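> A structural model of the following input is requested.
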Amino acid sequence: MSSSLYYIDNDATRLKGSLFAVGSGGTFAYGVLDTQYRYDMSLQEAVDLGIRAIASATFKDSASGGVVRIYHVTNTGRWDLIHDAIDVSELHYQFEQKKGHTGAGGENLPKRYF
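Okay, the predicted model is just below:
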């Protein structure tokens, strides 16, 4: 059995593809996906990329939600929940710490800003 991924818009137009990012945060998610997606990714690599893309979209777009949920849809059509309700704010700080950034983001600004 073969599986496919489709985006269906409001006019019922179908677009077949390997990945999609939709909604107001989609542009931010595509920024991550376009630079890091590979066709031959392992499941764990794909999960990690999905988390980064969704976290980027939800953190940078005020109209997007505040949690990440990751499902794996198998070739047989079964949906497996991988991660449920990971807080985007926590992810943001974890990502920033990995880049060597610490604190709430204002520690290097002059005190007059606080």
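
> tell me which residues in the lengthiest strand in the chain are buried?
In the chain, taking DSSP state E as the definition, the longest strand is strand 79-87. For strand 79-87, a neighbour-count test (16 or more other CB atoms under 10 Å) marks residue 86 as buried. Any C-beta I mention is one placed from the backbone N, CA and C, and that applies to glycine too.

> for stretch 61-80, same thing?
Quick answer for stretch 61-80 (16+ other CB under 10 Å): 61, 64, 67, 68, 70.

> Can you add secondary structure, pLDDT and distance to residue 10 and give the residues you listed back as JSON lines?
Listed next are the buried residues of stretch 61-80 as JSON lines, based on DSSP: H, G, I helix; E, B strand; the rest coil; pLDDT from 0 to 100; distance: CB to CB, whole Å:
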{"residue": "61", "secondary structure": "coil", "pLDDT": "84", "distance to residue 10": "20"}
{"residue": "64", "secondary structure": "coil", "pLDDT": "80", "distance to residue 10": "19"}
{"residue": "67", "secondary structure": "strand", "pLDDT": "85", "distance to residue 10": "25"}
{"residue": "68", "secondary structure": "strand", "pLDDT": "87", "distance to residue 10": "25"}
{"residue": "70", "secondary structure": "strand", "pLDDT": "92", "distance to residue 10": "25"}
